[in-house]
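S.K.: Coordinates only, no sequence provided:
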Ligand code: FAD
Ligand code: FES
Ligand code: MG
């Protein structure tokens, strides 16, 4: 059992849990994730390790309530426990001194970008971050991102904070102004990651995205997280989740993400037990 030792709400429907998980905290690195189950009847869902404290033996998960399991998880309180927590899973981010790195997080994608941006900064890079959300209320980790970035740009769809527009706007402006960019790291909705890839592709800027296909076992056994990268099948859970954005087939990723939508809707009829998933 993995106890929730701290709970807070970062924005409407976005919760932060600090969880007692000393073995995972000891080994995990930026870019890795866990797969959890709330209880015996629960489905398995992947969440990124948004932060960790090796001394305290805890990890931080930040999640958006989008469906049955994340909503059920949002009902838990400090002192409650999760049944299973498998991890750290996936390959860690490749961190070294590249020069100038632009870190882009859209919506809940800011949570996984944060530990990676911090690691780039600690490795001596100049870190320029761009975080975006639909509106000011939905922006998360602004202070944390500012603390690990040389420059932080904020965008909102409605202009309620920062610049009105999309996260690719400051990126396009930087490129147009001749800013030398060595690496771009982007995490967020698939459509956002695809747009970032299209902006950087003509300029040959190395761009990394963290993919979020449906995952089940997280160990390369079930094939659920299959993604097409450089025209080869890859399993995001063991070969990723980070890949070269210019090699990702985003269209097939979007189709596969929607594969179980009818079953996910059926959960409403499961008496809240999530068992339709099995
Ligand atoms: P559902 O209604 O069941 O599904 C809603 C949507 O979530 C689906 O259409 C699908 O796109 C996605 N989804 C559903 N089940 C899965 C699954 N087993 N695996 C992957 N995606 C699924 N979300 C966060 O809020 N914070 C994170 O840090 C985070 N990190 C992730 C890291 C990885 C490596 C991956 C693959 C996904 C991550 N996600 C994260 C997405 C998160 O796993 C889904 O939002 C969650 O599983 C939705 O479950 P649900 O039952 O609440 O919603
Ligand atoms: Fe099963 Fe990746 S989640 S192979
Ligand atoms: Mg679900």
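M.R.: Thanks, I have it. Not measured: the values here are computed from a predicted model. Ligands and ions are numbered 1, 2, ... in the order given.
S.K.: can you give me the strands in the stretch 101-250 of the chain?
M.R.: All strands of the stretch 101-250 of the chain, identified by DSSP state E, counting those that start in this stretch, fall at 126-133, 151-156, 163-164, 183-187, 206-210, 226-229, 232-235, 242-244.
S.K.: nearest to ligand 2, of these?
M.R.: strand 232-235 (4.4 Å; C-beta to the nearest ligand atom). Every residue, glycine included, has its C-beta placed from N, CA and C.
S.K.: Tell me the residues of this structure that contact ligand 3?
M.R.: With C-beta under 5 Å from the ion as the criterion, the chain comes near ligand 3 at residues 67-69.
S.K.: Show me which of the residues you listed is closest to residue 36.
M.R.: The closest of the residues of the chain next to ligand 3 to residue 36 turns out to be residue 69 (C-beta to C-beta; 8.8 Å).
S.K.: The closest one falls within a helix, correct?
M.R.: Yes. Counting by DSSP: H, G, I helix; E, B strand; the rest coil, residue 69 is found in a helix.
S.K.: Let's have the strands of the stretch 101-250 of the chain in JSON lines, adding mean neighbour count.
M.R.: Shown next, in JSON lines, are the strands of the stretch 101-250 of the chain (neighbours: other C-beta atoms under 10 Å):
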{"stretch": "strand 126-133", "mean neighbour count": "26"}
{"stretch": "strand 151-156", "mean neighbour count": "20"}
{"stretch": "strand 163-164", "mean neighbour count": "14"}
{"stretch": "strand 183-187", "mean neighbour count": "26"}
{"stretch": "strand 206-210", "mean neighbour count": "24"}
{"stretch": "strand 226-229", "mean neighbour count": "19"}
{"stretch": "strand 232-235", "mean neighbour count": "15"}
{"stretch": "strand 242-244", "mean neighbour count": "18"}
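S.K.: got a pLDDT number for residue 14?
M.R.: The score at residue 14 is 96. That number is its pLDDT.
S.K.: Just the pLDDT for the nearest residue to it once chain neighbours are set aside.
M.R.: Closest residue in space to residue 14, ignoring its immediate chain neighbours: residue 64 at 5.1 Å, by C-beta to C-beta, 6 or more residues apart in numbering. On the pLDDT scale, residue 64 is placed at 96.
S.K.: residues touching residue 64, list them.
M.R.: By C-beta atoms under 8 Å, 6 or more residues apart in numbering, residue 64 lies in contact with 13-14, 70, 107-108.
S.K.: Only the buried subset of those residues, as a PyMOL command please.
M.R.: Filtering the contacts of residue 64 down to the buried ones (16 or more other C-beta atoms under 10 Å) takes a single PyMOL command:
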select buried, resi 14+70+107+108
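S.K.: tell me which of the contacts of residue 64 is nearest to residue 131?
M.R.: Nearest to residue 131 out of the contacts of residue 64 is residue 107 (C-beta to C-beta; 9.2 Å).
S.K.: Just want the residue of the stretch 51-200 of the chain that's nearest ligand 2.
M.R.: Closest point on the stretch 51-200 of the chain to ligand 2, by C-beta to the nearest ligand atom, is residue 89, at 8.8 Å.
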